[in-house]
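> what follows is a predicted structure for the sequence shown.
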Amino acid sequence: MNTIKFSRVTSDRSMPIQGDIAFISLQGDTVAPTGSATCDRPIDVYYIAETLSKLGWRVSLLLRKVEANQPTIVQRSPRCRVIRLAAGPLQEIPRDRLFAYLPEFVQAICHFLEQTATTFCLSHTTDWLSGWVGLQLQQMKNIPQVHSFPSLDALKYRTIDAIGHTMLQPTPTQQIIEQKLLAQATCLTVNSPCEYQEMRSLLPHNFTTVIPWGIDIQRFRPLPKHVARKQLGLALADQIVLYAGQLGNNQDVVTFLRACALLKQGFSGASLPVNSRTLPPFNLRLMLIPGHGSETLPRIEQQQLEDVIRRLGLTKHVLLINSVDQQTLPSYYSAANVCVIPGEDVSSNLTAIEAMACGVPVVASSVGKLQYTVIPEKTGLLVPPRETEAFAGAIARFLRNPNWAIAMGQNGVHYIQHYFSWSSVALRLSQLYQRLIQNTAQVSSDQVPSSFLTHSKVLKPHPHRPTKATTSLR
């Protein structure tokens, strides 16, 4: 291996140094230009690392170098740096082929540690690829590992099967590594109390805590509705209902469209459509945009979706958008009167968080993490999945009561800023790191830690779908 000269971190002396943390990411480059095609998670890792550095941690983001002219060290702030190490060809590699180069990446990290006499007090990983790297460093260098599961497959697939989804299954290699992470990582974090309960049922003696992944509240914040609609060329008088999620071969979008077809007929939550002379008709505008990670809709699937829209008589009401860049996404949220999430896919919980951060009330299925993220009658409404009339009635409540919808949206903004901002997440991670480093982690195996939300109402799932977690969280 060629010798590379590494620089040491320069410190901001405004507060004591708490320790050196390694964040490991293999899902893209955290220093990619704004608006690039890089995926969201690496950018998120940079935000959380930068925030942790302000709390006194020296954070190194370990990435795989993908271009020959990329600098090895990028000092982003006095206590936060990016370190790119060569492993495999200097080019982007598809995720399904990346695992073959991980041993070389581990070797490069070990070389870096030896050459610079660097010692990390712990590593933090956020996906199965970086998780495998963290496991090797834990075994070879005795570096404790915190692993944050973006989702638990055992829980995810159980929920999906229950409501009729089909999803790409993880590869056998991914499944094996995730099982090793469950058994061997020093500490595991999950995003919600329901995932915590699932983890306790799988591995009751592991050190597991609930720390949800945050969002950038500087980007996802309310815009004045008239400003957002002007940016997108939408009429101020329209009643805009937003769907953000999978668009192709998906029953969720059909549920959404059927509910909106009922609204078009004047349905307001009763068993029969309301007489149009009693209540004015809805001035509906439906926006359909792909959720996080959704690819451009294939032409045949777009035609199928357009056929459903036409059969329901919604062609003049639907604005179908095939792709939305991350910079424009807050404008779509802010332009809407309500955001609808009919089912739980991989990104549905993040969609709910982003919508509430932008001041938009949410109508969501009472499944999985959504039960804990959306606070019924406070930031949105939860309804049983696939019940078209229930969705139509919940949407109608917001459209018929605009002042109430605005108040719910404002509640959502305060809620997200308090619990899901990077500063809030970083503070909880910092406290976790301190406990791990001091080796005084004392988390009971039979109760949910208070590190997620202390508001008991937030922790209770919707009563329509009681779960095992309900009793233990009250």
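Nice, I can see it. Numbering: from 1, shown residues only.

> run through this structure and note the low-pLDDT ranges.
1-15, 27-43, 151-169, 204-205, 270-278, 292-295, 346, 440-474 (pLDDT under 70).

> quick one, strands of it?
19-24, 57-64, 73-77, 80-85, 122-125, 145-148, 187-190, 208-210, 239-245, 284-290, 318-320, 338-341, 362-365, 380-383 (DSSP state E).

> strand partners of the third one, parallel vs antiparallel please.
Put plainly, it is strand 73-77. Its sheet considered, strand 73-77 pairs with strand 80-85 (antiparallel) by DSSP bridges.

> of the strands of the chain, which is nearest residue 219?
Closest to residue 219 of the strands of the chain, according to CB to CB: strand 239-245, at 15.4 Å. (Glycine included, C-beta is placed from N, CA and C.)

> contacting residues around the closest one?
Residues from elsewhere that reach strand 239-245 (CB atoms under 8 Å, 6 or more residues apart in numbering): 229, 234, 252-253, 256, 260, 263, 282-291, 294, 332-333, 335-343, 345, 347-348, 351, 355, 360, 395, 399.

> whichever of the residues you listed end up buried, select them in PyMOL.
Command for PyMOL that selects the buried part of the contacts of strand 239-245, burial taken from 16 or more other CB atoms under 10 Å:
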select buried, resi 229+234+252+253+256+260+263+282+284+285+286+287+288+289+290+291+294+332+333+335+336+337+338+339+340+341+342+343+345+347+348+351+355+360+395+399
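
> could you list which of the contacts of strand 239-245 belong to helices?
When the contacts of strand 239-245 are checked against helices (DSSP state H), the matches are 229, 252-253, 256, 260, 263, 332-333, 335, 348, 351, 355, 395, 399.

> now render those residues as CSV, adding distance to residue 418.
What follows is those, written out as CSV (distance: CB to CB, whole Å):
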residue, distance to residue 418
229, 28
252, 29
253, 32
256, 29
260, 32
263, 33
332, 24
333, 19
335, 24
348, 21
351, 19
355, 16
395, 27
399, 28
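
> if we take these, which one ends up nearest to residue 91?
Taking CB to CB as the measure, residue 91 lies nearest residue 351 of the ones in helices among the contacts of strand 239-245, at 31.9 Å.

> list the contacts for the closest one?
With contact set as CB under 8 Å, 6+ apart, residue 351 has these partners: 244-245, 291-292, 339, 341.

> quickly list what the closest residue to residue 133 other than its chain neighbours is bridged to.
Nearest non-adjacent residue to residue 133, counting by CB to CB, 6 or more residues apart in numbering: residue 24, 5.2 Å away. Per DSSP bridges, the residues bridged to residue 24 are residue 62, residue 125.

> roughly how far does residue 24 sit from residue 193?
To residue 193, residue 24 is 27 Å away according to CB to CB, to the nearest Å.

> neighbours of residue 224, just the number please.
Per other CB atoms under 10 Å, the neighbour tally for residue 224 reads 10.

> ok, the residue nearest to it when sequence neighbours are not counted - contacts?
Counting by CB to CB, 6+ apart, residue 334 is the residue found nearest to residue 224 once chain neighbours are left out, at 7.7 Å. Listed by CB under 8 Å, 6+ apart, the contact set of residue 334 reads 222-225, 227-228, 358-360.

> show me the two of these that sit farthest apart.
Greatest spatial distance among the contacts of residue 334 (CB to CB): 227 and 360, at 14.4 Å.

> residue 438 is nearest to which of the strands of the chain?
Comparing the strands of the chain by CB to CB, strand 19-24 comes nearest, at 10.4 Å.

> and that closest one, how far out from the chain middle?
Strand 19-24 sits 22 Å away from the centroid of its parent chain (CA atoms, centre = their mean, to the nearest Å).

> now do that strand against strand 57-64, angle only.
On the basis of axes from the mean of the first three to the mean of the last three CA atoms, to 10 degrees, strand 19-24 is oriented at 20 degrees to strand 57-64.

> buried stuff in strand 19-24?
19-24.

> what's the most distant pair in those?
Across the buried residues of strand 19-24, the longest distance by CB to CB is 16.1 Å; it joins 19 and 24.

> before we move on, back to that, can you redo the contacts of residue 334 as CSV with distance to residue 112?
Below are the contacts of residue 334 laid out as CSV (distance: CB to CB, whole Å):
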residue, distance to residue 112
222, 43
223, 43
224, 48
225, 50
227, 47
228, 45
358, 40
359, 44
360, 44
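
> buried subset of those residues, written for ChimeraX?
In ChimeraX, this line selects whichever of those come out buried by 16+ other CB under 10 Å:
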select :222,223,225,228,358,359,360
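
> now do the contacts for the spatially closest residue to residue 145 that is not a sequence neighbour.
If the residues on either side of it in the chain are set aside, residue 145 comes closest to residue 134, at 4.2 Å by CB to CB, 6+ apart. Taking CB under 8 Å, 6+ apart, we find residue 134 in contact with 24, 123-125, 143, 145, 147, 185.

> coming back round to it: distance to residue 112 added to the strands of the chain, as TSV?
Below are the strands of the chain laid out as TSV (distance: least, CB to CB, whole Å):
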stretch	distance to residue 112
strand 19-24	10
strand 57-64	8
strand 73-77	10
strand 80-85	6
strand 122-125	13
strand 145-148	17
strand 187-190	24
strand 208-210	29
strand 239-245	40
strand 284-290	38
strand 318-320	48
strand 338-341	43
strand 362-365	44
strand 380-383	46
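
> so what's the residue count around residue 71?
Neighbour count for residue 71, taken as other CB under 10 Å: 11.

> surely it touches residue 81?
No: look at residue 71 against residue 81 with CB atoms under 8 Å: they stay out of range, at 10.6 Å.

> quick one: residue 111 from residue 407, how far?
Per CB to CB, residue 111 is found 57 Å from residue 407.

> quick one: buried residues of the longest helix along the chain?
Counting residues, the longest helix found in the chain (DSSP H) is helix 402-419. Neighbour counts using 16+ other CB under 10 Å place 405, 408-409, 411-413, 415-417, 419 of helix 402-419 among the buried residues.

> closest to residue 200 among these?
For the buried residues of helix 402-419, the nearest to residue 200 is residue 419 (21.7 Å; CB to CB).

> against residue 361, how distant is the residue minimising distance to the centre of the chain?
Centroid check for the chain by CA atoms, centre = their mean gives residue 350 as the closest residue, at 3.8 Å. Going from residue 350 to residue 361 by CB to CB gives 17 Å.

> does residue 146 really touch residue 190, like I thought?
No: at 11.8 Å, residue 146 and residue 190 do not qualify as touching, with contact defined as CB under 8 Å.
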